[in-house]
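Novice: Need a 3D model of the sequence below.
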Amino acid sequence: MPVSFQLRPYQQEAVDATLQHFRQSDESAVIVLPTGAGKSLVIAELARLARRKILVLTHVKELVEQNHAKYESYGLSGGIFSAGLKRKERQHQVTFASVQSVAANLAQFRNEYSLIIIDECHRVSGEDTSQYQRIIELLRQQNASLKVLGLTATPYRLAMGWIYRYHYRGFVRGSADGQEKPFRHCIYELPLSYMINRGYLTRPELVNAAVAQYDFSALAADRFGEYAEKDVNQLLSKHKRVTRAIIEQVVELAAERHGVMIFAATVAHAQEVTGYLPQNETALVTGATDSKDRDVLIQRFKQRQLKYLVNVSVLTTGFDAPHVDFIAILRPTQSVSLYQQIVGRGLRLAEDKKDCLVIDYAGNHMNLHHPEVGEPKPHPDSEPVQVFCPGCGFANIFWGKTDSDGRVIEHYGRRCQGLLETAEGDNAPPQQCDYRFRFKECPHCGGENDIAARNCGHCRQTIIDPDDQLRDALKLKDAWVIRCAGLSLNVEGTKLKITYHGEDGEELRESFDFSKPAQRAVFNTLFGRRFARGQAPKTFHKVNEVLEMQAMLPAPDFVIARKQKHYWQVQERMFDYQGQYRKANQI
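Specialist: Numbering: from 1, shown residues only. Here you go, the predicted model:
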């Protein structure tokens, strides 16, 4: 007899938001729900309401099976297309499939589907050749109005940032113009704190006072935030005592815990960790574990026959053991997404569970409740900061730095992420605010562009690449290029004299006569517009005004001068440089 599920209020809201969006648009959409929020129920309800063919995709057989089971619990019949589950059924209205199996059998999916639902959609890349994109492209050939919906707890990829562009609360994700994203809109989002505060998820107890920690800071991560196994093993081999001390503490703290998951860095590391744990209470699962053995070990852990489950990169998604109340992280990662997935294994509710102890022994320093900014950290000591747009007032969240009083002293945002309603009518889509905190000025029309732009977005003229400018200047005998480490000011009457200081002690000078409107305007264009990193642009009228606020005056990254008869004349000041040349004081 089918079980009748009553959707939680937020699950119903997610369903309603999906229906409303796709009634108005064919553009792809994302629903963001924390791990344990019941995404499979949302999927089941959407599939139940559908009248045409639907394909539900995910990347592991466990999730295929889980989503299918929830759907069939409604008393409905759906198909499974998954080599791992040894089923290849396509005759049903709703098919639950693994992306690998569909991609390997594209010729069998030339029917007209109305909707693709992708679970764990943060795994979708923007590359046309990816398995997900090839499937979407094929189904779009059969139905130009194909709807694509993704669900995830972590809507970002380390090498990409946010996986969508527009948020329904009225802001844009991503700092670069025209940044390609796999999805267009986020149509519903629920924060982790909401789920915890209302008792839908277990409260995590984050403990930093570990008896010992690994220091992975010297290792170089790849673009996905991961580390070479050889390098990690080499580092860990020098810290055998650290590993033993960590596991001794884990065992001690686990005395009052029901289920412990340990996330190791490499297979060799996991084997070492397992050797320090009680043999009759411990299981080790890696990518090389036989699938039947893996299923048996996981089942024994879920039935509480085993207390410790050690794994390497295989139980971060699609794994559901509600009794887990201790997460020990012994592996490094720069991926906020992966970190949240790991901790999420311990946040599901269980009858005799009060909280979930989380200890990070790898020094990852992630903020569980806030997914940072969805972009890679520009510097290790960066933190999320709030920056108000001087144009529209939107409160942006960028990477930045603060002083001891919490004031923002630096931020790395480029363009305001606020969305503005247009005056063209109710049906006109909102437009992104055009205010830029960092910009490249077009030499042809003076328009402001993204710092990575190659063509002006206003006059469409080609903008000279800063690397080309530097390269050309370095070739000239009468040109001088300095890496600017800072600037200092001096006043003589109405003249403001600026000295640019190179990292090796070089100096270049220029002056602006504030009694002359043209020179004053040039100064304000260069420095006033960028005052306080664009947070508070100013128009200066007198030199004394500049002196009073010189600490907030930006310094260019490079200054190019040309030799005149008896002096060097500054010709170019490069702000917010991004390119192949090293800036001042960079290693």
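Novice: contacts and neighbour counts: CA atoms only from here.
Specialist: Will do.
Novice: Now find how far off-centre whichever helix in the chain runs longest is within its chain.
Specialist: Of all the segments assigned as helix in the chain under DSSP state H, the longest by residue count is helix 9-24. A distance of 24 Å separates the centroid of the chain from that of helix 9-24, by C-alpha atoms, centre = their mean, to the nearest Å.
Novice: likewise stretch 280-293?
Specialist: Stretch 280-293 sits 31 Å away from the centroid of its parent chain (C-alpha atoms, centre = their mean).
Novice: what do you get for stretch 518-537?
Specialist: 32 Å.
Novice: List the buried residues in it.
Specialist: 520-521, 523-537 (16 or more other C-alpha atoms under 10 Å).
Novice: cool, and stretch 129-143?
Specialist: Neighbour count says stretch 129-143 has 131-136, 138-140, 143 buried, by 16+ other C-alpha under 10 Å.
Novice: Tell me which other helices or strands the longest helix of the chain touches.
Specialist: In this structure, helix 9-24 makes packing contacts with helix 39-49, strand 185-189, judged by 3 or more C-alpha pairs under 8 Å, 6 or more residues apart in numbering; DSSP states H and E.
Novice: For I397, which three-state class applies?
Specialist: strand (DSSP: H, G, I helix; E, B strand; the rest coil).
Novice: The spatially closest residue to it that is not a sequence neighbour and G528: what is the separation?
Specialist: Leaving aside its chain neighbours, I397 sits nearest to Q386 (4.7 Å; criterion: C-alpha to C-alpha, 6 or more residues apart in numbering). When C-alpha to C-alpha, to the nearest Å is applied, the distance between Q386 and G528 equals 21 Å.
Novice: ok, now Q249?
Specialist: Relative to G528, and taking C-alpha to C-alpha, Q249 is found at 56 Å.
Novice: quick revisit: the longest helix of the chain to strand 185-189, inter-axis angle?
Specialist: For helix 9-24 and strand 185-189, the angle between their directions (axes from the mean of the first three to the mean of the last three C-alpha atoms, to 10 degrees) works out to 160 degrees.
Novice: Would you mind giving the helices and strands packed on helix 9-24 as JSON lines with mean pLDDT, mean neighbour count and distance to V242 added?
Specialist: Rendered in JSON lines, the data for the helices and strands packed on helix 9-24 read as follows (pLDDT from 0 to 100; neighbours: other C-alpha atoms under 10 Å; distance: least, C-alpha to C-alpha, whole Å):
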{"stretch": "helix 39-49", "mean pLDDT": "92", "mean neighbour count": "20", "distance to V242": "39"}
{"stretch": "strand 185-189", "mean pLDDT": "93", "mean neighbour count": "22", "distance to V242": "40"}
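Novice: Select, out of these, the one closest to K353.
Specialist: Evaluated with C-alpha to C-alpha, the helices and strands packed on helix 9-24 place helix 39-49 nearest to K353, the distance being 22.0 Å.
Novice: tell me the secondary structure for D381?
Specialist: Going by three-state DSSP, the secondary structure assigned to D381 is coil.
Novice: Could you verify my assumption that it touches K401?
Specialist: Yes: D381 is in contact with K401 according to C-alpha atoms under 8 Å; the separation is 7.4 Å.
Novice: mind pulling up the phi and psi values for the closest residue to Q432 other than its chain neighbours?
Specialist: Closest residue in space to Q432, ignoring its immediate chain neighbours: L419 at 4.4 Å, by C-alpha to C-alpha, 6+ apart. In terms of degrees, to the nearest 10, the main-chain angles of L419 are phi -110, psi 130.
Novice: And L419, how far from W162?
Specialist: 16 Å.
Novice: Quick check: Q133 is in a strand.
Specialist: No: residue state for Q133 (three-state DSSP) corresponds to helix; a strand is not indicated.
Novice: Walk me through which strands the helix or strand containing V30 pairs with, and which way each runs.
Specialist: In this structure, V30 is located in strand 29-32 according to DSSP states H and E. On the basis of DSSP bridges, the sheet neighbours of strand 29-32 come out as strand 147-152 (parallel), strand 185-189 (parallel).
Novice: Work out the gap between it and the centre of the chain.
Specialist: On the basis of C-alpha atoms, centre = their mean, strand 29-32 is displaced by 15 Å from the centre of the chain it belongs to.
Novice: List the contacts of that strand.
Specialist: Strand 29-32 is touched from outside by 14, 148-155, 164, 183-190, with contacts defined as C-alpha atoms under 8 Å, 6 or more residues apart in numbering.
Novice: Can you tell me the closest non-neighbouring residue to G391?
Specialist: Across the structure, with C-alpha to C-alpha, 6+ apart as the measure, the residue nearest G391 apart from its sequence neighbours is Y435 (6.0 Å).
Novice: which residues touch that neighbour?
Specialist: Here Y435 is in contact with 389-391, 415-416 (C-alpha under 8 Å, 6+ apart).
Novice: Quick one: low-confidence residue ranges for this structure.
Specialist: Filtered on pLDDT under 70, the chain yields the residue ranges 1-5, 158-159, 174-179, 208-211, 217-226, 317-318, 369-376, 422-428, 587.
Novice: What segments of it are helices?
Specialist: Assigned by DSSP H, the helices in the chain fall at 9-24, 39-49, 61-72, 99-103, 131-142, 192-197, 229-236, 240-253, 267-275, 291-302, 336-344, 466-475, 517-523, 543-548.
Novice: who's in contact with the longest one?
Specialist: Contacts with helix 9-24, where a contact means C-alpha under 8 Å, 6+ apart, come from 31, 38-39, 41-42, 45-46, 147, 187-188, 190.
Novice: What separation do you get for the residue nearest to V242 when sequence neighbours are not counted and T289?
Specialist: Leaving aside its sequence neighbours, V242 sits nearest to A212 (C-alpha to C-alpha, 6+ apart; 6.1 Å). When distance is defined by C-alpha to C-alpha, A212 is 29 Å away from T289.
Novice: Same drill for these two, tell me which one is more crowded.
Specialist: Counting neighbours by other C-alpha atoms under 10 Å for A212 and for T289 shows that A212 has the greater number, 16 against 11.
Novice: Contact partners for the more buried one?
Specialist: Applying C-alpha under 8 Å, 6+ apart, one finds that A212 lies in contact with 242, 245-246, 361.
Novice: The stretch 301-450 of the chain: strands as residue ranges?
Specialist: 308-311, 324-329, 355-360, 383-388, 395-402, 408-411, 419-420, 431-432, 440-441, 448-449 (DSSP state E, counting those that start in this stretch).
Novice: Dump those to JSON lines, plus distance to L115 and mean neighbour count.
Specialist: As requested, the strands of the stretch 301-450 of the chain are exported to JSON lines (distance: least, C-alpha to C-alpha, whole Å; neighbours: other C-alpha atoms under 10 Å):
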{"stretch": "strand 308-311", "distance to L115": "35", "mean neighbour count": "24"}
{"stretch": "strand 324-329", "distance to L115": "35", "mean neighbour count": "26"}
{"stretch": "strand 355-360", "distance to L115": "37", "mean neighbour count": "22"}
{"stretch": "strand 383-388", "distance to L115": "36", "mean neighbour count": "19"}
{"stretch": "strand 395-402", "distance to L115": "33", "mean neighbour count": "20"}
{"stretch": "strand 408-411", "distance to L115": "40", "mean neighbour count": "18"}
{"stretch": "strand 419-420", "distance to L115": "28", "mean neighbour count": "18"}
{"stretch": "strand 431-432", "distance to L115": "27", "mean neighbour count": "16"}
{"stretch": "strand 440-441", "distance to L115": "41", "mean neighbour count": "20"}
{"stretch": "strand 448-449", "distance to L115": "37", "mean neighbour count": "22"}
